[in-house]
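Asks: Here is my input, please return the structure:
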Amino acid sequence: MTNPPRPPPGSRAKPALAAGEPGAWLASPRSPRRWLRPIAKLSLVLPWTALCASAQAVALLLPGNGKTVLPRLYWSGLCTILRLRIRITGAIAHPTPDGRPVVYVSNHSSWLDILVLGARLDACFSAKEEVAKWPLIGTIARLGRTVYVRRKRNSTARERDEMRARLAAGDNLVLFPEGTTSDGARVLPFRSAFLSIAEIPATSDGKPPIVQPISLVYDRLAGLPTGRVTRPILAWYGDMEIASHYWQLARHGGLRATLLMHPPIDPCDFPDRKALAQAIWRASADGAATLRQNRPADPAPLRSP
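Replies: Next up, the predicted model:
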């Protein structure tokens, strides 16, 4: 029997374990940890979801800010269970002194985006109306006071009235203007129709909400930088099933997401919605590209045309 290969002098890597040595079964690709991790995490996710959903259902009936605090607590708990760490670069925008709320606009590559943004932002999500029909997820979205929109160029009067009421009440919103999830290697063009919310009056004097672009990238997997090979483990796109994607993702020991918060902008500084969407997309896409290359990224102010 030959001895296992040893690491080079000065290396901190542990020598490989030969078959039959104590602990070798833990290092094997077939280690029970590979399938115990997803089960263990799921065993915590389900009761945590049931507990928070019950509390949120009560909070919606009571006055106060409990209905906005509990969702952040819920998403933060899920991040802890999944061992998903969040790093923030830049400053999170808050409503202005004159009462203008914030619309956070982010790129979208995974269902994990909901956890990351929900855990750090005091805001409700805006989602396509099909989400309301998804089992369990639709219930969670409804309890989180999600605003549903249609994938059409012109929103209905009912949708605009609901958004106007939310903004007038001081609610911040999270928007994914790509309209779908990407493969994590790029940011798809932002659809200007989704930015119609930025034109809705949010104050008594008719001013719209301010907008903050966000670049969201998953840059660490099991402590190592992500790349083209590992990015599909984190991105959820195409015809991927969420159950199988979760199983593949939860087998890994830890994840990290980085949020690059760009300076907020005033939609009134742009001539039209297309110019606004283009400027926001450029900021989000450029920031995401920098983060994917594992380079330091600093939020740069946007210039209006």
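Asks: Could you tell me which residues make contact with Leu73?
Replies: For Leu73, the contact set (CB atoms under 8 Å, 6 or more residues apart in numbering) comprises Cys52. Using the backbone N, CA and C atoms, a C-beta is placed for each residue, glycine as well.
Asks: That one: helix or strand, and which one exactly?
Replies: Leu73 is part of helix 66-81 when elements are defined by DSSP states H and E.
Asks: before we move on, what about Arg142?
Replies: Arg142 belongs to helix 137-143, assigned by DSSP H and E.
Asks: And Val211, by the same measure?
Replies: Using DSSP H and E, Val211 falls in strand 210-221.
Asks: how far does that strand sit from the chain's center?
Replies: Centre-to-centre, strand 210-221 and its host chain are 8 Å apart (CA atoms, centre = their mean, to the nearest Å).
Asks: One more: stretch 51-62?
Replies: 23 Å.
Asks: Average pLDDT for that stretch, rounded please.
Replies: On average, the pLDDT along stretch 51-62 is 95.
Asks: mind listing what's buried in that stretch?
Replies: The neighbour-count check on stretch 51-62 (16 or more other CB atoms under 10 Å) flags Cys52, Ala53, Ala55, Gln56, Ala59 as buried.
Asks: Put together TSV for those residues, with secondary structure on each row.
Replies: Shown next, in TSV, are those (DSSP: H, G, I helix; E, B strand; the rest coil):
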residue	secondary structure
Cys52	helix
Ala53	helix
Ala55	helix
Gln56	helix
Ala59	helix
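Asks: and of the residues you listed, the nearest to Thr139?
Replies: The nearest member of the buried residues of stretch 51-62 to Thr139, counting by CB to CB, is Ala53 at 7.0 Å.
Asks: Surely that closest one and Arg142 touch.
Replies: No. Counting by CB atoms under 8 Å, Ala53 does not reach Arg142; the two are 9.9 Å apart.
Asks: coming back round to it: listing partners with orientation, what would you give for the next helix or strand after the strand holding Val211?
Replies: Using DSSP H and E, the helix or strand that follows strand 210-221 in sequence is strand 224-225. With DSSP bridges as the test, strand 224-225 is paired with strand 210-221 (antiparallel).
Asks: just the CA coordinates of the partner strand, formatted as CSV?
Replies: Coordinates of each C-alpha in strand 210-221 appear next as CSV, following Å, rounded to 0.1, in the frame of the first residue of the first chain:
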residue,chain,number,x,y,z
ILE,A,210,-36.1,58.1,-5.6
VAL,A,211,-34.4,55.1,-7.2
GLN,A,212,-31.3,53.3,-6.0
PRO,A,213,-29.5,50.9,-8.4
ILE,A,214,-28.0,47.7,-6.9
SER,A,215,-25.4,45.2,-8.2
LEU,A,216,-25.9,41.8,-6.6
VAL,A,217,-23.3,39.1,-7.1
TYR,A,218,-22.6,35.7,-5.4
ASP,A,219,-18.8,35.8,-5.1
ARG,A,220,-18.0,33.1,-2.7
LEU,A,221,-18.9,29.4,-2.5
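Asks: what pLDDT, on average, does that strand get?
Replies: 95.
Asks: Stretch 293-305 too?
Replies: Per-residue scores along stretch 293-305 average to 71.
Asks: For Val131, see how far away Pro299 is.
Replies: 30 Å (CB to CB, to the nearest Å).
Asks: which one of those two has more residues nearby?
Replies: Using other CB atoms under 10 Å, the more surrounded residue of Pro299 and Val131 is Pro299, with 18 against 15.
Asks: Tell me who's in contact with the most centrally placed residue in the chain.
Replies: Centroid-nearest residue in the chain: Asp113, 1.7 Å away (criterion: CA atoms, centre = their mean). Residues counted as contacts of Asp113 (CB under 8 Å, 6+ apart) are Ser106, Phe176, Leu216.
Asks: and it, helix, strand or coil?
Replies: helix.
Asks: What score does it have for pLDDT?
Replies: 95.
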